[in-house]
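J.: fold the stuff below for me.
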Amino acid sequence: MKIHFIAIGGSAMHNLAIALHLKGYEITGSDDEIFDPAKGRLEKYGLLPENIGWQPEKITTGLDAVILGMHARKDNPELLKAKELGVKIYSYPEFLYEQSKDKIRIVVGGSHGKTSITAMIIHVLQQLNIDCDYMVGAQLAGFDVMVRLSETAKIMVIEGDEYLTSPIDRRPKFHLYRPDIGIISGIAWDHINVFPTFDIYIDQFRIFADMIPENGTYIYCKDDAVLAEMSETIDIRHKIPYSIHPYCIQNGVTFLETTYGDIPLKIFGKHNLANLNAARHACLAVGVNENDFYRTIPSFKGASKRLELVAKKDKVAVYKDFAHSPSKLKATIEAVREQFPDRKLVACMELHTFSSLNETFLKEYEGTMSGADVSIVYYDFHALAHKKLPDLEKDVVKSYFNQENLTVYTDSNELIDNLLMNHEVPSVYLFMSSGNFNGVDLNELGNKIVLLRTSKNNSNF
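T.: Numbering: from 1, shown residues only. Take a look at the predicted model:
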């Protein structure tokens, strides 16, 4: 099959393109901007477009289909050409559903924790040699491509994003997957550009839960008051509420407390222990033995940029996380604070999404970074311009966070210089963003921070 990807540089889109390429499909694609890691990975497989920009000449009647990414606009010249020629057009979720409609679909929804829960389920099934297809929105250790579509697997695990399907289909993505086993991790208002009120946002999750068939399974976090109230109205036989898995912390390591004994983990944080419990129930629903779940989950290292350890030495550590919305920000900071109660916590987040850069939504961030000793907020004016939003003044941003020990930066070089000047030990640094701080290599920066802290400390700085 010959398939063209419009907006091939997306995190999910480029993974699907690579997966189909490896399956023997002939793949082409275009985008108006492509960043790493997608850029490097597409180049590795010979799929990186020769030129950046939209190229309608690539759309011909010789294509079997076009897959349309959300990043494109509805007046995209390639999309218009495909319509004109009558080429079959799929959105990303439409294509995934077509490939999985005869499988048991585990779909993970929620405002936060989707990637981690999805990754945990995949990890356990893989460790137990249970054949499954999958789609997850972040890189996992030991996986080259984060989409798998096979003819053999009877299960597919899908990260169910609530954002819009495509420029020409305004339904949330997770409405198209039609779950047999549906998970909702929590509901915290996001994407105000498409869900202007919280009630409208909640309705999307209610629709998702109502799609689960009578003989299916609905798994939801009972600690989320909004979700718990909504779930009372969901009429399904197998309805499973979950909470944070019992745990303890010993010498900086989090252990699960189970009937099989205390089990050490490589991950930490209450939100991750709730995510783990959701994954446990999903695995049990497809026949995994509970003992086997506990036997395999300790080797789970987490998904890329989900409390991912960048560098550490002695009493200095640097982590990066995808957290960007208010609920994610607060939960991630609290997790690091609990894991390292005796260290100075420096938390740095980037305002990068449409919602986070919108002054209407900024008030939702009030107090979210108060758990850190030093709080830093960064944004750049290019992101505002790209999203067609008005400029934001730094003092306005600070006022919405309503926190004295918070500094706002709009220059990434100035931000880095400030971070490298601070030499307190013991300390832990936490970088949170769905972007990249205007091109900052966080791995390189993290190693510099650790090197400076430990060398200065050893010389009695």
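
J.: drop to CA atoms for contacts and neighbour counts, all remaining ones
T.: Fine.

J.: can you list contacts of the helix or strand harbouring residue 398?
T.: If you go by DSSP states H and E, residue 398 is part of helix 394-401. If you take Cα atoms under 8 Å, 6 or more residues apart in numbering as the criterion, helix 394-401 is touched by 362-369, 406-410.

J.: from those residues, which ones fall inside helices?
T.: residue 362 (DSSP state H).

J.: so can I have TSV of the contacts of helix 394-401 showing neighbour count, distance to residue 145 and pLDDT?
T.: Shown next, in TSV, are the contacts of helix 394-401 (neighbours: other Cα atoms under 10 Å; distance: Cα to Cα, whole Å; pLDDT from 0 to 100):
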residue	neighbour count	distance to residue 145	pLDDT
362	20	35	94
363	16	38	92
364	18	35	93
365	20	34	96
366	15	38	96
367	14	38	95
368	22	34	96
369	27	34	97
406	19	38	95
407	17	38	96
408	20	36	97
409	15	35	97
410	18	34	96
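
J.: buried sites along stretch 193-211?
T.: Neighbour counts over stretch 193-211 (16 or more other Cα atoms under 10 Å) mark 195, 201, 202, 204, 205, 206, 208, 209, 210, 211 as buried.

J.: could you check how far residue 386 is from residue 32?
T.: Distance, residue 386 to residue 32, using Cα to Cα, to the nearest Å: 12 Å.

J.: and the two? Which one has more around it.
T.: Higher neighbour count among residue 386 and residue 32: residue 32, with 15 against 9, using other Cα atoms under 10 Å.

J.: low-confidence stretches in the stretch 51-200 of the chain?
T.: Judged against pLDDT under 70, the stretch 51-200 of the chain has no low-scoring part.

J.: so which residues of it form strands?
T.: 65-68, 89-91, 104-109, 132-135, 147-148, 155-159, 164-166, 169-172, 181-184 (DSSP state E, counting those that start in this stretch).

J.: using the record's assignment, carve this structure into domains.
T.: Per the record, the chain has its domains at 2-87, 94-299, 308-458, by automatic domain parsing.

J.: from the chain's centroid, how far away is the longest one?
T.: Centroid displacement of domain 94-299 relative to its chain, using Cα atoms, centre = their mean, to the nearest Å, is 12 Å.

J.: then stretch 373-392?
T.: The answer for stretch 373-392 is 20 Å, by Cα atoms, centre = their mean.

J.: determine how far the last residue of that stretch lies from the first.
T.: End-to-end for stretch 373-392, by Cα to Cα: 25 Å.

J.: same question, stretch 357-377
T.: Span of stretch 357-377 from end to end, Cα to Cα: 12 Å.

J.: quick one: low-confidence parts of the stretch 301-450 of the chain?
T.: Along the stretch 301-450 of the chain, segments meeting pLDDT under 70 span 422-423.

J.: out of the strands of the stretch 51-200 of the chain, flag the one nearest residue 8.
T.: Shortest distance between residue 8 and these, using Cα to Cα, is found for strand 65-68: 8.6 Å.

J.: what comes into contact with that closest one?
T.: Contact with strand 65-68 is made by 2-7, 79, 82, 87-92, 95, 166, as judged by Cα under 8 Å, 6+ apart.

J.: buried ones among these?
T.: Buried among those (16+ other Cα under 10 Å): 3-7, 79, 82, 87, 89-92, 95, 166.

J.: now distance to residue 121 too, for the residues you listed, in JSON lines please.
T.: JSON lines is the format used below for these (distance: Cα to Cα, whole Å):
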{"residue": "3", "distance to residue 121": "30"}
{"residue": "4", "distance to residue 121": "30"}
{"residue": "5", "distance to residue 121": "28"}
{"residue": "6", "distance to residue 121": "30"}
{"residue": "7", "distance to residue 121": "28"}
{"residue": "79", "distance to residue 121": "35"}
{"residue": "82", "distance to residue 121": "37"}
{"residue": "87", "distance to residue 121": "36"}
{"residue": "89", "distance to residue 121": "31"}
{"residue": "90", "distance to residue 121": "27"}
{"residue": "91", "distance to residue 121": "25"}
{"residue": "92", "distance to residue 121": "22"}
{"residue": "95", "distance to residue 121": "22"}
{"residue": "166", "distance to residue 121": "27"}
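
J.: thank you kindly, that will do.
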